[in-house]
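Student: no letters, just coordinates:
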């Protein structure tokens, strides 16, 4: 069961338990103790998520880069914010982001509450000068004042950015998707849910392809991520032979200035390629990015943190070549050890793509018109 909450649907809910219903193939959504779900809070978060007036030019909202009809992405290599400005990162889907143990490609925020605060004031996303500007906009809106009073018991000047973040995060925790053909085959006991090619693709996924090493499938559930960070070789050419120099420059800047990491990552194409290192300053994590879920990826092209691979076929070829577009391309000295040629033949690659497409939730597929 996939939950796509609209104002009309929310009003019909008779209990919070209905909100928390879990689709086949997924565990219960983790809910922080300090931000319990409620229908009214989710409704407020939905409104904030889609409100373009909460940006500098009045044309950008969370849904601009994470649109329902595009698998909660924007289908662009890298996202565009205010005034058409381009960032450096591909918009990951919001679907099942509730299960991640960190947010953003580099994991610089621990939860959805922390993540939701950043885009409003990022110079290439929402473009607001500060969170105070955001709060002024909200406090000037009678509907928002009423809603925040109802949800949090606060009015006007007592509304804070944390209240905003909690509302948006609560809405995003309803954007979950399992119930795919794979789930009905693996967890629902329906042997006919996958066709012959998809079953062969699952076999490749589990064995010769070694995909399951990072994109985990458990006995009773499958998040298709290990919530860890790996350098698979994507994007390193921008800083090839300059990895240490780029890393050292960032560390110096972080320690000597009041650095806005959100802005730095989306405006500096070289820093963007440092990945997890920008957060931890651990040289073993240069170019390492979070393992994304594979669920619904048939709707979320293009792929990788920089959107550099256009199709699932391109992705499979990349891994088959050991983390390279072409077998003759050089390798990054920081590449994770598990990335090496797979030696899949054309049939195996085709079957693997077929299996990956079988991870699509029918509700989101319908929403995307596919």
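Tutor: In hand now; what should we look at? All figures in this text were calculated on a predicted structure; none of them were measured in a lab.
Student: and the helices in the stretch 101-250 of the chain?
Tutor: Under the criterion DSSP state H, counting those that start in this stretch, the stretch 101-250 of the chain contains helices at 112-121, 131-139, 142-152, 161-172, 181-186, 196-206, 243-256.
Student: of all those helices, which lies closest to residue 222?
Tutor: Of all the helices of the stretch 101-250 of the chain, helix 181-186 sits nearest to residue 222, with 7.1 Å by C-beta to C-beta. In short, each C-beta sits where N, CA and C put it, glycine included.
Student: identify the residue spatially nearest to the residue positioned nearest the centre of the chain, adjacent ones excluded.
Tutor: In the chain, the residue lying closest to the centroid (C-alpha atoms, centre = their mean) is residue 92, at 3.3 Å. Ranked by C-beta to C-beta, 6 or more residues apart in numbering and with sequence neighbours excluded, the top spatial neighbour of residue 92 is residue 292, at 5.9 Å.
Student: try residue 112
Tutor: residue 169 is the one closest to residue 112 (C-beta to C-beta, 6+ apart), at 3.7 Å.
Student: can you name the residues that contact the one you found?
Tutor: 35, 45, 111, 112, 113, 115, 116 (C-beta atoms under 8 Å, 6 or more residues apart in numbering).
Student: got a winner among the residues you listed for most neighbours?
Tutor: In terms of neighbours by other C-beta atoms under 10 Å, the contacts of residue 169 top out with residue 45 at 28 neighbours.
Student: could the helices of the stretch 101-250 of the chain go into JSON lines alongside distance to residue 316 and mean pLDDT?
Tutor: Listed next are the helices of the stretch 101-250 of the chain as JSON lines, based on distance: least, C-beta to C-beta, whole Å; pLDDT from 0 to 100:
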{"stretch": "helix 112-121", "distance to residue 316": "29", "mean pLDDT": "97"}
{"stretch": "helix 131-139", "distance to residue 316": "42", "mean pLDDT": "98"}
{"stretch": "helix 142-152", "distance to residue 316": "45", "mean pLDDT": "97"}
{"stretch": "helix 161-172", "distance to residue 316": "30", "mean pLDDT": "98"}
{"stretch": "helix 181-186", "distance to residue 316": "17", "mean pLDDT": "98"}
{"stretch": "helix 196-206", "distance to residue 316": "9", "mean pLDDT": "98"}
{"stretch": "helix 243-256", "distance to residue 316": "27", "mean pLDDT": "93"}
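Student: for residue 351, which of those is the nearest?
Tutor: Nearest of those to residue 351, taken as C-beta to C-beta: helix 196-206 at 3.9 Å.
Student: buried set for that closest one?
Tutor: By 16 or more other C-beta atoms under 10 Å, the buried positions in helix 196-206 come out as 197, 198, 199, 200, 201, 202, 204, 205.
Student: for stretch 254-267, same thing?
Tutor: Buried residues in stretch 254-267, counted by 16+ other C-beta under 10 Å: 261, 262, 263, 264, 265, 266, 267.
Student: need phi/psi at the fourth one.
Tutor: According to degrees, to the nearest 10, the main-chain angles of residue 264 amount to phi -60, psi -40.
Student: pLDDT at it, what is it?
Tutor: We note a pLDDT of 93 for residue 264 in this prediction.
Student: how close does it sit to residue 237?
Tutor: 20 Å (C-beta to C-beta, to the nearest Å).
Student: now the helices for the stretch 251-370 of the chain?
Tutor: Remark: helices assigned in the stretch 251-370 of the chain by DSSP H, counting those that start in this stretch are 261-267, 269-272, 277-280, 312-320, 346-357, 362-367.
Student: out of these, which is closest to residue 249?
Tutor: Per C-beta to C-beta, nearest to residue 249 of the helices of the stretch 251-370 of the chain: helix 269-272, 8.4 Å.
Student: what's the closest one packed up against?
Tutor: With contacts defined as 3 or more C-beta pairs under 8 Å, 6 or more residues apart in numbering; DSSP states H and E, helix 269-272 has these neighbours: helix 243-256, helix 261-267.
Student: mind checking which of those helices is nearest residue 70?
Tutor: For the helices and strands packed on helix 269-272, proximity to residue 70 was assessed by C-beta to C-beta; helix 261-267 is nearest, at 19.7 Å.
Student: can you list contacts of the closest one?
Tutor: With C-beta under 8 Å, 6+ apart, helix 261-267 has contacts from 87-89, 104, 106, 108, 118-119, 121-125, 250, 253-254, 271-272, 278-279.
Student: any of the residues you listed buried? List them.
Tutor: 87-89, 104, 106, 108, 118-119, 121-125, 250, 271-272, 278-279.
Student: would TSV of the helices of the stretch 251-370 of the chain with distance to residue 334 be doable?
Tutor: Formatted as TSV, the helices of the stretch 251-370 of the chain follow (distance: least, C-beta to C-beta, whole Å):
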stretch	distance to residue 334
helix 261-267	18
helix 269-272	14
helix 277-280	9
helix 312-320	17
helix 346-357	26
helix 362-367	35
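Student: touching, residue 220 and residue 187? I think so.
Tutor: Yes. Look at residue 220 against residue 187 with C-beta atoms under 8 Å: they come within range, at 6.9 Å.
Student: what about those two, which has more around it?
Tutor: The neighbour comparison of residue 220 against residue 187 (other C-beta under 10 Å) goes to residue 187, with 19 against 9.
Student: from residue 147, how far off is the more buried one?
Tutor: 38 Å.
Student: which pLDDT does the model give residue 241?
Tutor: pLDDT, residue 241: 85.
Student: now do residue 20
Tutor: 53.
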